[in-house]
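**Student:** only the shape, not the letters, is given here:
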């Protein structure tokens, strides 16, 4: 049965003519197997940097809109080269650059970090790409760039070519999105740092999202936000077959997911000159663990050390009071039976928009943000009010 693949090639893969030809042969193999392919390409390695350098040499303060208009030339170059490479090995191909009729990526006018407007993208894809695929033509689309409703050239920000490919896969209801990188796949650890790390054959979207948010170069957050729930994403290395290799990312990520820890936690604050020093922190943690306490978080700032933990609160308080005496601190205070709420999901913008309202709620003691969402420490009496904010 014929499958539809959207295949994205990064700039490090398309670093020269040989790399482009190798990629074109990969695509031909899938077409010969009866599949349909839409190709999305980044600029050749180093091309965007050279264009930015040239633009800033012309003027040191180039407006973002003008810079977008200039750097799109890198993707146009690789699009034309890739389409030509396909034609030269007998594949009917058609290039799609931002000026092409039926251009599929329609965005807002936030130059430098534009957001695709999905309804407009679907209309454009139905008009431009779908008829070509139905005629057996392979589209080659410029990644990273868009066109605003007003017709201005935009760029999609960090990870923009992955965003282009994800949006097209969603609008086309593709069977699979394949991201080809210089070193693709998800490993048990960074293979450049840990010898013997192994490539994973499969990983859930949730686990991939958590890895990405903690520094692993797996997928950009916009990919998670724009993907279809049913879409599988395959991460492969240069030279691997486009199917059945690399790491398959499966499943969906909830728009917003809320969890509340079952266990009540306590918070102590040690106050006084030097409370933030490493020897104070170390002794406090050692004393807690010696009595069987579990430390959940530590926050140190000038003159203050805050520790969240689980254990008998009064026993811990008496134990940590010895740290106050030992280091000449002023005082220690205790907040008991707090709840930890974690809010995460692919709609990080929505989650973060709730932060000002959360901070106004009486009984919220700590709110921390990361790439995946927020963590909130709150009194039991205020828990329902916090949950109701989402």
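**Tutor:** Perfect, I can see it now. Everything quoted here is computed from the prediction, not taken from an experiment. Residues are numbered from 1 along each chain as shown.
**Student:** what pLDDT, on average, does stretch 186-194 get?
**Tutor:** Averaged across stretch 186-194, the pLDDT comes to 85.
**Student:** can you get me the start-to-end distance on that stretch?
**Tutor:** Stretch 186-194 has its terminal residues 13 Å apart, counting by CA to CA, to the nearest Å.
**Student:** got the buried residues for stretch 24-38?
**Tutor:** 24, 26, 27, 28, 30, 31, 35, 36, 37, 38 (16 or more other CB atoms under 10 Å). (Each C-beta comes from the backbone N, C-alpha and C, glycine too.)
**Student:** would you check that residue 245 makes contact with residue 236?
**Tutor:** Yes - with contact defined as CB atoms under 8 Å, residue 245 reaches residue 236; the gap is 5.3 Å.
**Student:** any stretches of the stretch 101-250 of the chain with poor pLDDT?
**Tutor:** For the stretch 101-250 of the chain, applying pLDDT under 70 flags the ranges 215-217.
**Student:** show me where the stretch 251-390 of the chain has helices.
**Tutor:** Using DSSP state H, counting those that start in this stretch, the helices assigned to the stretch 251-390 of the chain run over residues 278-290, 313-327, 348-353, 355-359, 383-388.
**Student:** distance to residue 211 and mean neighbour count added to those, as JSON lines?
**Tutor:** What follows is these, written out as JSON lines (distance: least, CB to CB, whole Å; neighbours: other CB atoms under 10 Å):
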{"stretch": "helix 278-290", "distance to residue 211": "27", "mean neighbour count": "15"}
{"stretch": "helix 313-327", "distance to residue 211": "34", "mean neighbour count": "16"}
{"stretch": "helix 348-353", "distance to residue 211": "16", "mean neighbour count": "15"}
{"stretch": "helix 355-359", "distance to residue 211": "24", "mean neighbour count": "13"}
{"stretch": "helix 383-388", "distance to residue 211": "27", "mean neighbour count": "15"}
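**Student:** do you know which of the ones you listed lies nearest residue 334?
**Tutor:** Among the helices of the stretch 251-390 of the chain, the nearest to residue 334 by CB to CB is helix 313-327 (5.0 Å).
**Student:** and the helices in the stretch 51-200 of the chain?
**Tutor:** Counting by DSSP H, counting those that start in this stretch, the stretch 51-200 of the chain has helices at residues 64-88, 118-134, 160-172.
**Student:** returning to what we had before: among the buried residues of stretch 24-38, which lie within strands?
**Tutor:** If you go by DSSP state E, those have 36, 37, 38 in strands.
**Student:** the closest residue in space to the first one that isn't next to it in sequence: neighbour count?
**Tutor:** In this case it means residue 36. Distance criterion CB to CB, 6 or more residues apart in numbering; nearest residue to residue 36, sequence neighbours excluded, is residue 4 at 4.8 Å. A count of nearby residues for residue 4, using other CB atoms under 10 Å, gives 15.
**Student:** which ones are touching residue 4?
**Tutor:** Contacts for residue 4 were tallied using CB atoms under 8 Å, 6 or more residues apart in numbering; they are 35, 36, 37, 38, 133, 172, 173, 174, 175.
**Student:** what's the domain layout of this structure?
**Tutor:** 4-250, 257-388 (automatic domain parsing).
**Student:** highest mean neighbour count out of those domains?
**Tutor:** Highest mean neighbour count of these: domain 4-250, a mean of 19 (counted as mean count of other CB atoms under 10 Å).
**Student:** the helices of the stretch 251-390 of the chain: which one's closest to residue 128?
**Tutor:** helix 348-353 (28.7 Å).
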